[in-house]
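Undergrad: Okay, predicted coordinates and the sequence, questions at the end:
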Amino acid sequence: MQPVVAVVADIREFENYSWHCVPDQYMTAAFNVSGVLPLLVPAFGDAIDFDALLARVDGVMLSGSKSNVHPSNFGVEAHEKYEPYDPDRDATSLPLIRAAIEKGVPLFAICRGLQELNVALGGTLATEIQEADGMLDHRAPSSPDQAKRFALAHSVKTKPGSCIEKIIGEDVRVNSLHRQAIDNIAPRLQVEASADDGTVEAVSVIDAKGYAVGVQWHPEYWAKTDDTSRRLFEAFGDAVRDYASQKMK
Ligand SMILES: N[C@@H](CCC(=O)NCCCC(=O)O)C(=O)O
């Protein structure tokens, strides 16, 4: 069985075209490590019949992106410090997240995806977090070498007994490529892991009907070689297969 997972596309502009796209690293990690077929969902927003989409897939994965959730989605005025935006992705991810959680469709949210999960459920985001006193700089190192940008950068403590701790253990090292983070956590989310400076690094949905986990780091980049990264994608694949097999009963 090769279950299918919906992956929401970014809108990118290059070569005089608008593109619906997702970086290969997310697609490859889902395909090779989770053992699922990632299917790109165009960022068509509420023109999409989300119930029909979710009836046809076995999971949802939300990738990272250099773009940020538009602050109007969490009651904050737009400002250049929150840019760049991708409103089409927002308009697709946010309702899809709510529908997937309502239906218990397995959900794995990565970086921007975790931020979307928080906003979709009523939370808010802080921006330029590195500028606040006592905060680590969670941005990627400046380098043309992706392996250096996605290098493991800081430690993360998981909450004992949490979903994430059962998957990856207590203290792990993760990469870090973000300048936004959860500010007010959504009522239905619980913190599952934090950085030493208090940045929320992993969450899960309280009383979720199905697997619903988000991480602020990028396990997809080292999914084949890093134990923590691999475990996260394997756990997502297992949840998707369980869901798919239940659907067939
Ligand atoms: N834009 C948000 C979300 C961070 C994120 O998804 N980063 C992935 C980008 C990878 C890269 O820089 O190549 C934020 O900055 O917090």
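TA: It's in.

Undergrad: CA only for contacts and neighbour counts going forward, please
TA: OK.

Undergrad: Can you show me the helices along the chain?
TA: For the chain, applying DSSP state H gives helices covering 24-29, 50-56, 87-103, 112-120, 146-149, 163-168, 227-248.

Undergrad: Against which helices or strands is the second one packed?
TA: Just to be clear, that refers to helix 50-56. Under the contact criterion of 3 or more CA pairs under 8 Å, 6 or more residues apart in numbering; DSSP states H and E, helix 50-56 touches helix 87-103.

Undergrad: need the residues of the protein near the ligand, please.
TA: 64, 65, 66, 67, 68, 111, 112, 177, 178, 179, 180, 181 (CA under 6 Å from any ligand atom).

Undergrad: circling back to that earlier point, need the winner for burial among the helices of the chain.
TA: helix 112-120 (a mean of 27; mean count of other CA atoms under 10 Å).

Undergrad: Please report the distance of the residue nearest to residue 179 when sequence neighbours are not counted from residue 69.
TA: Excluding its sequence neighbours, the residue lying closest to residue 179 (CA to CA, 6 or more residues apart in numbering) is residue 128, at 4.9 Å. Shown here: residue 128 relative to residue 69, a distance of 13 Å by CA to CA, to the nearest Å.

Undergrad: of these two, who's got more company?
TA: residue 69 (27 against 15; other CA atoms under 10 Å).

Undergrad: Name all residues that make contact with the more buried one.
TA: 85, 86, 87, 90, 112, 115, 116 (CA atoms under 8 Å, 6 or more residues apart in numbering).

Undergrad: now, among those, which is nearest to the ligand?
TA: residue 112 (3.8 Å; CA to the nearest ligand atom).

Undergrad: how many neighbours does the nearest residue to that closest one once chain neighbours are set aside have?
TA: Excluding the flanking residues, the one nearest residue 112 by CA to CA, 6+ apart is residue 64, at 4.5 Å. Close neighbours of residue 64, defined as other CA under 10 Å, add up to 25.

Undergrad: Contacts only, for residue 64.
TA: So residue 64 contacts 110, 111, 112, 113, 218 (CA under 8 Å, 6+ apart).

Undergrad: picking up where we left off before, so which of the helices of the chain comes closest to residue 209?
TA: Each of the helices of the chain has some distance to residue 209 by CA to CA; the shortest is helix 87-103, at 7.0 Å.

Undergrad: so what does the closest one touch, helix or strand wise?
TA: Going by 3+ CA pairs under 8 Å, 6+ apart, helix 87-103 lies up against strand 4-8, strand 10-14, helix 50-56, strand 107-110, helix 112-120.

Undergrad: Mind putting those into TSV with distance to residue 244 and mean pLDDT?
TA: As requested, these are exported to TSV (distance: least, CA to CA, whole Å; pLDDT from 0 to 100):
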stretch	distance to residue 244	mean pLDDT
strand 4-8	9	98
strand 10-14	26	98
helix 50-56	10	98
strand 107-110	13	99
helix 112-120	22	98
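
Undergrad: Out of these, which is closest to residue 222?
TA: Per CA to CA, nearest to residue 222 of the helices and strands packed on helix 87-103: strand 107-110, 13.4 Å.

Undergrad: Sheet partners, orientation included, of that closest one?
TA: Sheet pairing of strand 107-110 (DSSP bridges) gives strand 59-62 (parallel), strand 212-215 (parallel).

Undergrad: Single out the most deeply packed of those strands.
TA: Most buried among those, counting by mean count of other CA under 10 Å: strand 59-62, with a mean of 28.

Undergrad: Can you tell me who the nearest residue to residue 212 once chain neighbours are set aside pairs with across the strands?
TA: Ranked by CA to CA, 6+ apart and with sequence neighbours excluded, the top spatial neighbour of residue 212 is residue 107, at 4.6 Å. Beta-bridge pairing for residue 107 (DSSP bridges): residue 60, residue 212.

Undergrad: tell me the contacts of residue 107?
TA: Counted by CA under 8 Å, 6+ apart, residue 107 has contacts 59, 60, 61, 62, 97, 100, 101, 210, 211, 212, 213, 236.
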